[in-house]
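Asker: Mind looking at a prediction? Sequence and model below.
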Amino acid sequence: MKAQAGMIAAREWFTHVVRAKLAYDATKG
């Protein structure tokens, strides 16, 4: 269960990073 929760947290973090990068590229470009 702990590993599954970790994978979910990692996926949410990755999605957040991707969204932040897209927003940054949108404002920069």
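Answerer: Arrived safely, thanks for sending. Residues are numbered from 1 along each chain as shown.
Asker: Figure out the helix or strand that A26 lives in.
Answerer: Using DSSP states H and E, A26 maps to helix 2-28.
Asker: what about that helix, average pLDDT?
Answerer: For helix 2-28, mean pLDDT is 96.
Asker: what's that helix packed up against?
Answerer: When contacts are defined as 3 or more C-beta pairs under 8 Å, 6 or more residues apart in numbering; DSSP states H and E, helix 2-28 packs onto no helix or strand at all. Every residue, glycine included, has its C-beta placed from N, CA and C.
Asker: buried sites along that helix?
Answerer: When burial is assessed from 16 or more other C-beta atoms under 10 Å, helix 2-28 yields no buried residues.
Asker: Figure out how far that helix is from the centre of its chain.
Answerer: Distance of helix 2-28 from its chain centroid, counting by C-alpha atoms, centre = their mean, to the nearest Å, is 0 Å.
Asker: show me the contacts for L22.
Answerer: Neighbour list for L22: empty [criterion: C-beta atoms under 8 Å, 6 or more residues apart in numbering].
Asker: Kindly provide the distance from it to I8.
Answerer: Taking C-beta to C-beta, to the nearest Å as the measure, L22 falls 21 Å from I8.
Asker: And for F14?
Answerer: 11 Å.
Asker: Next: K28.
Answerer: For K28, the distance to I8 equals 30 Å [C-beta to C-beta].
Asker: Could you do T15 as well?
Answerer: Counting by C-beta to C-beta, the separation of T15 from I8 is 11 Å.
Asker: again with R19
Answerer: 17 Å.
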